[in-house]
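>>> just coords:
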Ligand SMILES: NC(=O)C1=CN([C@@H]2O[C@H](COP(=O)(O)OP(=O)(O)OC[C@H]3O[C@@H](n4cnc5c(N)ncnc54)[C@H](OP(=O)(O)O)[C@@H]3O)[C@@H](O)[C@H]2O)C=CC1
Ligand SMILES: O=C1CO[C@H](CO)[C@@H](O)[C@@H]1O
């Protein structure tokens, strides 16, 4: 990130040259030159919230909503129009917004198998990207995302919003480095949910109004089945990464951030389908990770059959130091010196900080709080635990420099996927 020239960084000169309409400023919105025009891709679940969040910020205008399901457009356009006093255009194929020089940034809230192709293609088209977690669907494509961000000098923020949340920043940037709990030697992250199993469903036609071919995108062609569609896709390897890659990656990212470590060197994983037997992905994961740059160990537990509360949080992290510990979750944090609790203060969790950080990173041509390099490394943790499960090895060793599995061709093969033409990420982005 080098360019201090905001207009050049946004690429608006190209817009003017091409004769595209630059939208007039709306009430409460910054002037066009100081505003980021955003297209949101995938608006059913998380994308709806992201679109409304960006629409509510003075520094952004949601110019497009993009979804393969045209049934979603009416309500989304109206809701966003009410928030920002400007109705976005609805588009089925995201490649149309990549062709539009008026669009500065793409927000990707699709299923995981689309994250990397959409991000790489968007960077190639000169767009900044906010991509939901997990950053990638495979280890290899995460590295391609980093390469694309750097080559095209684009801001790529991953949707691990804790990275912009004040109490997480305070603990990880001030409390842990201060030595108040001594040397941190272990982080234990957990994520517990009650997730329903699926009842078997026959293949059949995709719902009216859905472009199923575009939904599949880079994934293998196969008949439509409801158990591989809305939200259920999380538990199918062609599209999802299991709950470790879904909700668990938030806690894994916080743990890795707090330990200050990079790519892991080994992963030991015991995982299984204990209750949700129709899933392809595990509903129970116990994994431990070691790193080349620290003696500290990261331990992770995922349970999808009961929302247990531990240390006050369903999902959380404990940093264990030689002289105390910190327990942290979305609702707050606790500090213990030895075993003595020390009073601390916290602010409520809000996604807004992360959206604002993305806009500010674009404005000031700097790396965002959850830069794609960090998102890629954190996504590597569930990917490698999943590989240990899928191969039945229980343990995988990684070269942190090459990011390849050592001495195991079957495990290495699972670090990347075949892309269905034309949704192919090239070796050289
Ligand atoms: N950071 C956070 O706190 C959260 C992050 N997430 C992340 O957000 C992402 C989306 O999750 P979620 O909203 O629950 O999933 P959903 O399945 O509910 O929504 C995904 C949306 O993307 C659409 N879609 C699929 N392919 C395309 C495409 N090629 N172009 C445009 N739209 C497409 C889907 O279409 P259709 O309507 O036909 O299914 C759907 O509308 C996931 O990666 C998830 O991990 C989710 C929740 C919270
Ligand atoms: O990131 C996320 C936050 O919480 C949701 C509900 O458990 C998850 O599914 C989601 O992906």
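Cool, got the structure. Everything numeric in this text was worked out from a predicted model, so none of it was measured. Ligands and ions are numbered 1, 2, ... in the order given.
>>> Residue 173 versus residue 237, what's the distance?
According to Cβ to Cβ, to the nearest Å, residue 237 stands 36 Å off from residue 173. In this view, the C-beta of every residue, glycine as well, is placed from N, C-alpha and C.
>>> mind showing which ranges of the stretch 101-250 of the chain have poor pLDDT?
Applying pLDDT under 70 to the stretch 101-250 of the chain flags no residue at all.
>>> At the contact with ligand 1, which residues of it appear?
Contacts of the stretch 101-250 of the chain with ligand 1, taken as Cβ under 6 Å from any ligand atom, map to 109-112, 114, 132-133, 159, 161, 210, 214-215, 217, 229-231, 246.
>>> Mind checking which of the residues you listed are buried?
109-112, 114, 132-133, 159, 161, 210, 215, 217, 229, 246 (16 or more other Cβ atoms under 10 Å).
>>> which among those gets closest to ligand 2?
Among those, residue 246 lies closest to ligand 2 (Cβ to the nearest ligand atom), at 4.7 Å.
>>> Which residue is the nearest non-sequential neighbour of the closest one?
Take residue 246 and drop its neighbours on the chain: the residue closest to it by Cβ to Cβ, 6 or more residues apart in numbering is residue 234, 5.2 Å away.
>>> Just to check, that neighbour is in contact with residue 248?
No. Counting by Cβ atoms under 8 Å, residue 234 stays clear of residue 248, with 11.2 Å between them.
>>> Looking at those two, which is more packed in?
Ranked by neighbour count (other Cβ atoms under 10 Å), residue 234 and residue 248 place residue 248 first, with 29 against 19.
>>> could you pick out which of the residues of the stretch 101-250 of the chain next to ligand 1 are near ligand 2?
Among those, ligand 2 is touched by residue 246 when using Cβ under 6 Å from any ligand atom.
>>> Tell me the spacing between the closest residue in space to residue 98 that isn't next to it in sequence and residue 236.
Nearest residue to residue 98, sequence neighbours excluded (Cβ to Cβ, 6+ apart): residue 125, at 3.9 Å. Distance, residue 125 to residue 236, by Cβ to Cβ: 29 Å.
>>> who's residue 204 bridged to?
residue 224 (DSSP bridges).
>>> so what's residue 321 up against?
By Cβ atoms under 8 Å, 6 or more residues apart in numbering, the contact list for residue 321 reads 176, 180, 181, 182, 183, 184, 185.
>>> Identify the farthest-apart pair in those.
Across the contacts of residue 321, no pair lies farther apart than 180 and 185, at 14.6 Å, counting by Cβ to Cβ.
>>> Now do the buried residues in the longest helix anywhere in the chain.
Counting by DSSP state H, the longest helix found in the chain is helix 372-391. The neighbour-count check on helix 372-391 (16+ other Cβ under 10 Å) flags 372-391 as buried.
>>> cool, and stretch 40-58?
40-44, 46-48, 50-55, 57.
>>> now do stretch 276-287
276, 279, 281, 282, 283, 284, 285, 286, 287.
>>> so of those, which ones are in strands?
With DSSP state E as the criterion, strands contain 284, 285, 286, 287 from among these.
>>> just the angle between whichever strand or helix holds residue 253 and helix 372-391, please?
Per DSSP states H and E, residue 253 falls inside helix 248-259. Helix 248-259 runs at 120 degrees relative to helix 372-391, counting by axes from the mean of the first three to the mean of the last three Cα atoms, to 10 degrees.
>>> Run through who's touching helix 248-259.
133-134, 160, 162-163, 168, 171-172, 176, 184, 187-191, 241, 244, 285, 291, 294, 296, 298, 300, 302, 315-317, 319, 328, 370, 374-375, 377-379, 381-382.
>>> Dihedrals phi and psi, the closest residue to residue 261 other than its chain neighbours?
Leaving aside its sequence neighbours, residue 261 sits nearest to residue 291 (Cβ to Cβ, 6+ apart; 4.0 Å). With angles defined as degrees, to the nearest 10, residue 291 sits at phi -140, psi 150.
>>> ok, now the one 10 residues further on?
The phi/psi pair for residue 301 (degrees, to the nearest 10) reads phi -130, psi 130.
>>> could you measure the closest residue to it other than its chain neighbours against ligand 2, distance?
With Cβ to Cβ, 6+ apart as the measure, residue 190 is the residue that lies nearest to residue 301, at 4.4 Å, once sequence neighbours are left out. According to Cβ to the nearest ligand atom, to the nearest Å, residue 190 and ligand 2 sit 13 Å apart.
>>> what's the following helix or strand after the strand or helix carrying residue 190?
Using DSSP H and E, the element containing residue 190 is strand 184-192. Downstream of strand 184-192, the first helix or strand assigned by DSSP H and E is helix 212-216.
>>> Touching, residue 204 and residue 228? I think so.
No. At 11.7 Å, residue 204 does not count as touching residue 228 under the criterion of Cβ under 8 Å.
>>> Count the residues that sit near the residue nearest to residue 98.
Count around residue 125 with other Cβ under 10 Å applied: 19.
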